[in-house]
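Q: sequence first, predicted model second:
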Amino acid sequence: MSGHADPIPMISRKSGPLKGVAEVPGDKSISHRALILGALSVGETRISGLLEGDDVLATAAAMRAFGAEVEHLGAGEWRVNGVGVGGFQEPENVIDCGNAGTGARLIMGVMATTGISATFTGDASLRSRPMARVTEPIALFGARSFGREGGRLPMTIVGAGDPAPVRYEVPMLSAQVKSAVLFAGLNAPGKTVVTEKEATRDHTERMLAGFGAEISIEETDEGRVITLTGQPELKPQNITVPRDPSSAAFPVCAALITPGSDVLVPNIGLNPTRAGLFATLREMGADLTYENEREEGGEPVADLRARFSPDMKGIEVPPERAASMIDEYPILSVVAANATGDTVMRGVKELRVKESDRIDAMARGLEANGVALDEGEDWWIIHGNGPGTVKGGGLCEARLDHRIAMSFLVLGMAAQNPVRVDDGGPVATSFPIFEPLMAGLGAQIVRANQ
């Protein structure tokens, strides 16, 4: 169900109340990093709750290609026997990352300071995405890259045989770029220093520390300064992956806009660098509560309860919150279309270079379903008219983007007329159980060819 497969057209119809418990998959960001850090450790890492979507499975296959033993033990249960920092072997074949921008960029960082070569490719969406944002900083370590015009895949990376540590200021809000540089720094002697002007998701820093790396973080006037000491011996871990807040966003937001709904989404990771959507929804007036708050594996976790919220109001989302909810702006725009007043989203130019141009994709699909909006290069405004006012009836292009497809399917649950999506196949990259999970809550989503 990726960009390589035949399209799967889908239709979402107005639903009755959504009720029940939504057991969403494991966190995609943490799943990628657990496999990679397990492969860089010496010994056996056990992972529970791994997201078994196409993106993460591509990373698992890549770790095997670089020499680690990666074994699937059962649903969400995996074993990784690592090769240690600097122990990657040169892969025999091209590394196909599918739709996984995170996987591709992180793995490029890991191998950049090992004296081997590897060629990376992906699906049509990933081949269109910019990789120079990673190849430029890893070049500072001594790595070389050879790709298509504009720094796009397919691309061959020739790792540095004698890497040097670097100091690097991340020029955009990107946890992927930050993490790629930190992973490159693992096999460079001395200290690699990365500065980001605003905090992005910090799973890499937390997990590096958990695996035994020497890493420190300092808040300064210049930004958040992360210092990593290279060439550690990482220690294998037992990891329980929390449920993905980005996946939880879809049943949560569906419940908020569908009359009579009451949905519990358990065991959701609430890392503050990821939870911006939930703070925004509560500011809009959403009936969204945290239950059983706790900590698991160094990450804050809670159960989320979402109930239909007919009194939500549009707000201006603080631009500084963008990094903590960048993947959730598409589904937020669906909620905004069902709120009263304007929801203003600024400082979101990163959405232009995700799996698709997400601002354009959502704008065109929302307009096709009767939603008024304005947009610019790094901002957009949804003009909401309150619950139940979205006309629907339009055809939306998913553009090989899982979050665009799921957002429009949620839109249809509260629209006056059915909403059609040209291809629901990309959903499998991050949320392979989306269809049965939503059906179990009461959603009316069907494949158009059924």
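A: The structure has been received and is ready for your questions.
Q: for the closest residue to G223 other than its chain neighbours, give me its contacts.
A: Spatially, and ignoring its direct neighbours in sequence, G223 is nearest to K197 (4.3 Å; CB to CB, 6 or more residues apart in numbering). No exception for glycine: its C-beta is placed from N, CA and C like everyone else's. With contact set as CB atoms under 8 Å, 6 or more residues apart in numbering, K197 has these partners: E169, V170, E222, G223, R224.
Q: in strands, which of those fall?
A: Secondary structure assignment by DSSP state E places E169, V170, G223, R224 of the contacts of K197 in strands.
Q: ok, the residue nearest to G223 to R358 distance?
A: Distance, K197 to R358, using CB to CB, to the nearest Å: 22 Å.
Q: can you check K313 too?
A: Distance, K313 to R358, by CB to CB: 24 Å.
Q: compare neighbour counts for the two and give me the winner.
A: R358 (25 against 15; other CB atoms under 10 Å).
Q: so what's that one up against?
A: Y329, P330, L351, R352, D401, R403, I404.
Q: state the pLDDT value of it.
A: Among the per-residue scores, R358 holds a pLDDT of 94.
Q: now G150
A: 84.
Q: nearest residue to R206 other than its sequence neighbours?
A: Nearest residue to R206, sequence neighbours excluded (CB to CB, 6+ apart): G298, at 5.3 Å.
Q: just to revisit the earlier point, most neighbours among the ones in strands among the contacts of K197, which one?
A: Using other CB under 10 Å as the neighbour criterion, V170 leads these with 24 neighbours.
Q: and that residue, what are its bridge partners?
A: Beta-bridge pairing for V170 (DSSP bridges): E196.
Q: rewinding a little: the residue nearest to R206 and G210 touch, don't they?
A: Yes - the criterion here is CB atoms under 8 Å, and G298 meets it with G210 at 5.9 Å.
Q: tell me which of the two has more neighbours.
A: G210 (17 against 12).
Q: any idea how far V56 is from the more buried one?
A: 19 Å.
Q: then M413?
A: According to CB to CB, M413 stands 27 Å off from V56.
Q: before we move on, what about N81?
A: 18 Å.
Q: just T200 next, same as before
A: Counting by CB to CB - T200 and V56 are separated by 20 Å.
Q: do the same with A414
A: For A414, the distance to V56 (CB to CB) stands at 30 Å.
Q: wait, L234 touches A39, no?
A: No - with contact defined as CB under 8 Å, L234 does not reach A39; the gap is 9.6 Å.
Q: name the residues contacting each of those two.
A: By CB under 8 Å, 6+ apart, the residues touching both L234 and A39 are G82.
Q: more neighbours, these two?
A: A39 (29 against 23).
Q: got the contacts of K197 as JSON lines, with pLDDT and distance to G440 columns?
A: Listed next are these as JSON lines, based on pLDDT from 0 to 100; distance: CB to CB, whole Å:
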{"residue": "E169", "pLDDT": "97", "distance to G440": "46"}
{"residue": "V170", "pLDDT": "96", "distance to G440": "41"}
{"residue": "E222", "pLDDT": "90", "distance to G440": "49"}
{"residue": "G223", "pLDDT": "93", "distance to G440": "44"}
{"residue": "R224", "pLDDT": "96", "distance to G440": "41"}
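Q: farthest pair in those?
A: Greatest spacing in those, by CB to CB: V170 and E222 (11.7 Å).
Q: quick one: residues in contact with stretch 395-408.
A: 3, 10, 12, 99, 123-125, 246, 250, 327, 330-331, 333-334, 354-358, 361-362, 364-365, 368-369, 411, 419-431, 434.
Q: now do the same end-to-end measure for that stretch.
A: One end of stretch 395-408 sits 9 Å from the other (CA to CA, to the nearest Å).
Q: for that stretch, what is the average pLDDT?
A: In this model, stretch 395-408 has a mean pLDDT of 96.
Q: return the distance of that stretch from the chain's centre.
A: Relative to its parent chain, stretch 395-408 has a centroid offset of 15 Å by CA atoms, centre = their mean, to the nearest Å.
Q: ok so, going back, looking at the ones in strands among the contacts of K197, which is nearest V446?
A: Closest approach between these and V446, by CB to CB: V170, at 43.0 Å.
Q: contact partners for that closest one?
A: Residues near V170 by CB under 8 Å, 6+ apart: V177, K178, V181, V194, T195, E196, K197, T200.
Q: at 10 Å what do you get?
A: Listed by CB atoms under 10 Å, 6 or more residues apart in numbering, the contact partners of V170 are 133, 137, 176-181, 194-198, 200, 223-224, 226.
Q: one more: L57?
A: L57 touches S31, L35, L50, L51, H72, G98, A100, G103, A428, T429, P432, counting by CB under 10 Å, 6+ apart.
Q: one more: V353?
A: Per CB under 10 Å, 6+ apart, neighbours of V353: G101, S128, R129, P130, R133, M172, S174.
Q: quick one on the thing from earlier: now the residue nearest to R206: how far from V24?
A: Distance, G298 to V24, by CB to CB: 20 Å.
Q: could you do L400 as well?
A: For L400, the distance to V24 - CB to CB - is 22 Å.
Q: and if you look at A39?
A: 26 Å.
Q: on that earlier part again, of the contacts of L57, grab the buried ones for PyMOL.
A: Only the buried entries of those go into this PyMOL selection, using 16 or more other CB atoms under 10 Å:
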select buried, resi 31+35+50+51+98+100+103+428+429+432
